[in-house]
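> Got a sequence here, can you model it:
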Amino acid sequence: MATLADVARRAGVSPATASRIISGSTKLVTDELRERVLRAVDELQYVPNAHAQFLARAQRTAVGVIVHDVSDPYFAEITRGLQQVATANGRLVIICNSYRDPSRELEYVELLRAQQVAAIILAGSGYHDPAFTKALTGKLGAYTRTGGRVSVIGRHELPGDAVMPANADGGHLAGVEVFGGGHRKVGVIAGPKVLTTTTDRLAGLRRAARQYGRTLPQRRIVFADFDRDSGAAATRQLLDDSPDLTAIVALNDSMAVGTLSVLRERGIAVPSQMSVVGFDDMPIARDVTPALTTVRLPLTEMGARAMTLALEDRARTPRVEPALATLVHRESSAPLT
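Just a heads-up that it's a prediction; the model follows:
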């Protein structure tokens with residue numbers, strides 16, 4: 001593979017002159033020199049070293065994003081918003097999947113620091129893990145002291161700006177939909193216990209239960225992994241343990257899709273025999289049968305706002321921008337008759 005030195009020798013110029021012409025420097029050179037260098041580039045099929053160019057730039061151009069799993073529709077929508085803003089600002093986005101492994105998140109922060117990214121965005125939920133939070137805070141603090149920027153999506157005890165989805169309020173909306181509709185025997189498919197997102201959505205559901213004089217016993221709550229298959233397994237467990245349920249709330253739409261599939265397998269009609277409510281309003285929520293009642297979060301907008309915060313000038317104090325939740329009523333839920 002041809003190098004810059006090869007181009008310079010072929011054109012009969014210094015490597016510095018060749019580099020200036022290839023990079024489009026505004027420093028004046030003669031037309032004859034420019035033509036010789038560009039002809040040498042073409043003849044040798046020279047391709048500039050992107051990594052070397054990146055390191056040579058005074059301004060950091062890449063932004064690192066750490067997500068739990070970009071194949072999850074929740075993070076896919078958020079990533080779409082992140083990339084829209086990054087593209088509009090001429091930034092490269094480096095996506096890192098942590099798969100909800102805290103140690104991997106720590107490794108990615110170190111890796112992104114080494115790549116000298118302009119900002120790091122944590123797009124996944126916070127963890128109920130003081131040791132991990134302390135370690136991550138230390139690494140992010142070292143990064144920001146060298147000029148890096150940090151923004152997060154969700155409830156974290158970390159330095160930096162934040163976009164805060166209204167998970168507790170959204171859980172309350174889901175609870176009002178079922179408890180306010182007269183349902184007493186309600187099952188819940190929650191996410192992983194260690195995530196703040198799960199805690200907050202459950203807190204909102206419990207608040208709605210108290211509001212309507214209902215209870216949400218622990219035996220009717222099954223913790224799953226925020227994916228379709230674990231939602232299906234949790235649904236089977238709920239139906240086997242509590243066959244008198246009349247409503248199931250899944251704390252994300254992927255798990256709710258798993259719920260609908262199990263109810264279809266068992267011949268349980270939705271919503272006449274079982275109401276189902278999801279969370280997030282992913283695109284698939286409109287396409288399943290019956291269409292899914294769910295709590296909507298502005299996922300793409302959340303990603304766009306997090307990227308905007310990361311690219312703006314640093315504020316004196318961390319900024320927190322709320323992302324409101326709304327209930328989208330579709331065919332999968334109905335009042336108890």
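> surely Arg236 meets Val262?
Yes: applying Cβ atoms under 8 Å, one finds Arg236 in contact with Val262, separated by 5.7 Å. Heads up, the C-betas are built off the backbone N, CA and C, glycines and all.
> lowest-confidence helix or strand of the protein?
Lowest mean confidence among the helices and strands of the chain (mean pLDDT, DSSP states H and E): helix 50-56, at a mean of 53.
> Give the next helix or strand downstream of the strand or helix carrying Val109.
For Val109, the element it lies in under DSSP states H and E is helix 102-114. For helix 102-114, the following helix or strand on the C-terminal side (DSSP H and E) is strand 119-122.
> okay, that next one in CSV with CA atoms only?
Taking Å, rounded to 0.1, in the frame of the first residue of the first chain, the C-alpha atoms of strand 119-122 are listed here in CSV:
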residue,chain,number,x,y,z
ALA,A,119,-17.5,13.3,24.2
ILE,A,120,-18.8,10.2,25.8
ILE,A,121,-22.5,9.5,26.0
LEU,A,122,-23.9,6.8,28.3
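> residues making contact with the helix holding Val109?
Residues outside helix 102-114 that contact it (Cβ atoms under 8 Å, 6 or more residues apart in numbering) are 64, 66, 94, 96, 98, 120, 122, 124, 127, 129, 132, 135-136, 139-140, 142-143, 146, 148.
> From Thr199, how far out is the closest residue to Gly204 other than its chain neighbours?
Setting aside the residues directly before and after it, Gly204 is nearest to Gly171 in space (Cβ to Cβ, 6 or more residues apart in numbering), at 2.4 Å. Distance of Gly171 to Thr199, given as Cβ to Cβ, to the nearest Å: 10 Å.
> So Ala306, which state does it fall into?
At Ala306, secondary structure determined by DSSP: H, G, I helix; E, B strand; the rest coil is helix.
> Can you report how many residues lie near Ala315?
9 (other Cβ atoms under 10 Å).
> that's a helix at it, yeah?
No: Ala315 is assigned coil when assessed by three-state DSSP, not a helix.
> Give me the neighbour count for the closest residue to it other than its chain neighbours.
Among residues not flanking Ala315 along the chain, Asp161 sits closest, at 7.1 Å (Cβ to Cβ, 6+ apart). Other residues near Asp161 come to 23 when the count uses other Cβ under 10 Å.
> pLDDT score for Tyr46?
Note on Tyr46: pLDDT of 88.
> er, Arg314 actually
Reported pLDDT for Arg314: 71.
> any idea how far it is from Leu327?
36 Å.
> Ok, Glu35 next?
Counting by Cβ to Cβ, the gap from Glu35 to Leu327 is 66 Å.
> Those two: which has the busier surroundings?
More neighbours surround Leu327 than the other of Glu35 and Leu327, with 17 against 12 (other Cβ under 10 Å).
> Name the nearest residue to the more buried one, ignoring sequence neighbours.
Leu173 (4.4 Å).
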